[in-house]
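K.L.:
Compute the structure for the input listed below.
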Amino acid sequence: MKILSILQAGIQVATNETQVAGIDSENMLSIVMKGGWILVPIAFLSLVAIYLIIAKTIQINAAKNKNQSLTDKVCDLLIEGKVDSAIGICQTNPKPAAIVLAAGIKTLGHPVKDIQDAMEGEARQQIDKLNSGMQYLGVISSIAPMLGFLGTIFGVIKIFYSISLTDNISIGIISEGLYEKMIASAAGLLVGIIAYSGYHLINASIDKVASDIEKQGNKLVAALREN
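P.N.:
Coordinates of the predicted model:
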C-alpha cells in the first residue's frame with residue numbers, strides 16, 4: 001500500500017509539473033507578444049544581422065586561400081620565363097590572394113616598388129569587398145539595445161500615465177507592466193549581442209585573409225628580388 005501511495009504521489013507531482021510547464025510556456029509566449037510595437041524593428045534588425053553574419057561567413061570562407069603552394073608554382077613559372085602561364089594560373093583561381101598576385105605579375109618589367117604598389121592597391125580592393133556590409137552589423141549592435149531600452153521607457157511612461165488616471169498605485173499593476181515591458185530590453189540586448197559577436201568574429205576572419213594575402217605577396221616579391 002505504501003508503494004502504491006508513493007507511485008500515485010509521484011504521478012501526481014509529474015502531472016502537476018507538466019501542467020505548470022504548459023502554463024509557463026503559454027505565459028512566456030503571451031509576455032513576449034506584449035513587448036509592444038518596438039519588437040517589430042528589433043525583429044527586423046535580428047533578421048538583417050543573421051543574414052549578414054551568414055552571408056559574410058560564406059563569402060570569407062570562399063576567399064580563404066587553401067592552396068598555399070600557389071605562390072611557389074607562380075614563382076617557378078616566372079623563373080622559367082612563362083609569364084603568361086603564371087598569370088593564367090592566378091586568373092583561374094578566384095581567391096583574393098591569386099588576384100593580387102596576378103596584379104603584381106602584370107607589372108613585371110617595372111621596378112619592384114611598382115610591383116609592390118600594384119599588389120597593395122589590388123589587396124586593398126579585395127579587402128574592401130570583404131568588409132562591405134560590415135558597418136551594418138556594427139550599427140545593429142549599437143541600435144538594437146537602444147531600441148529595446150526605448151521600448152521599456154515608453155512602457156514605463158504608459159504605466160505611470162495609467163496610474164495618474166486611475167489613482168491606483170498597486171504593486172501588482174506596476175510589476176505586471178514592468179516585466180512585460182522589460183521584454184523589449186531583453187530582445188534588444190539579445191540582438192545586440194548577436195550582432196556584436198558576429199561583427200568581431202567576422203572582422204577577425206577578414207584580418208586572417210588580409211594577412212595571408214600579404215604573406216603571398218611578400219613571397220612573390222622576395223622571389224623576384226632573388227632572380
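
K.L.:
could you list every residue that touches the most centrally placed residue in the chain?
P.N.:
With distances taken as CA atoms, centre = their mean, the residue of the chain nearest its centroid is G198 (2.6 Å). Counting by CB atoms under 8 Å, 6 or more residues apart in numbering, G198 touches 49, 52-53, 56, 137. C-beta: built from backbone N, CA, C; applies to glycine.

K.L.:
can we see that at 6 Å?
P.N.:
By CB atoms under 6 Å, 6 or more residues apart in numbering, the contact list for G198 reads 53, 137.

K.L.:
Let me know the helix or strand that it is in.
P.N.:
Using DSSP states H and E, G198 maps to helix 171-226.

K.L.:
Quick one: mean pLDDT for that helix?
P.N.:
Taken as a whole, helix 171-226 has an average pLDDT of 84.

K.L.:
what does the domain assignment say about the protein?
P.N.:
Residue ranges for the domains of the chain, per automatic domain parsing: 1-33, 34-226.

K.L.:
which of those has the lowest average pLDDT?
P.N.:
The lowest average pLDDT among the domains of the chain, as it happens, falls on domain 1-33, at a mean of 47.

K.L.:
what are the ranges of the strands in this structure?
P.N.:
Remark: no strands are assigned in the chain by DSSP state E.

K.L.:
what are the ranges of the helices in this protein?
P.N.:
Assigned by DSSP state H, the helices in the chain fall at 2-33, 39-63, 70-79, 83-91, 96-105, 112-131, 134-166, 171-226.

K.L.:
Out of those, which one sits most buried?
P.N.:
helix 96-105 (a mean of 24; mean count of other CB atoms under 10 Å).

K.L.:
list the helices and strands that one packs on?
P.N.:
Of the remaining helices and strands, those touching helix 96-105 by 3 or more CB pairs under 6 Å, 6 or more residues apart in numbering; DSSP states H and E are helix 83-91, helix 112-131, helix 171-226.

K.L.:
Can you tell me how far the residue nearest to the centre of the chain is from I58?
P.N.:
As defined by CB to CB, to the nearest Å, G198 lies at a distance of 13 Å from I58.

K.L.:
Ok, S69 next?
P.N.:
According to CB to CB, S69 stands 25 Å off from I58.

K.L.:
Repeat that for H200.
P.N.:
18 Å.

K.L.:
same deal with I105?
P.N.:
29 Å.

K.L.:
Over to A43?
P.N.:
Here A43 is placed at a distance of 23 Å from I58 (CB to CB).

K.L.:
Can you show me the CA trace of stretch 199-213 as CSV?
P.N.:
Taking Å, rounded to 0.1, in the frame of the first residue of the first chain, the C-alpha atoms of stretch 199-213 are listed here in CSV:
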residue,chain,number,x,y,z
TYR,A,199,30.9,41.7,-36.2
HIS,A,200,34.1,41.0,-34.3
LEU,A,201,34.4,37.3,-35.2
ILE,A,202,34.0,38.2,-38.9
ASN,A,203,36.5,41.0,-38.7
ALA,A,204,39.0,38.6,-37.2
SER,A,205,38.5,36.3,-40.2
ILE,A,206,39.0,39.2,-42.6
ASP,A,207,42.2,40.0,-40.8
LYS,A,208,43.4,36.5,-41.4
VAL,A,209,42.6,36.7,-45.1
ALA,A,210,44.5,40.0,-45.3
SER,A,211,47.5,38.5,-43.5
ASP,A,212,47.5,35.6,-46.0
ILE,A,213,47.4,38.0,-48.9
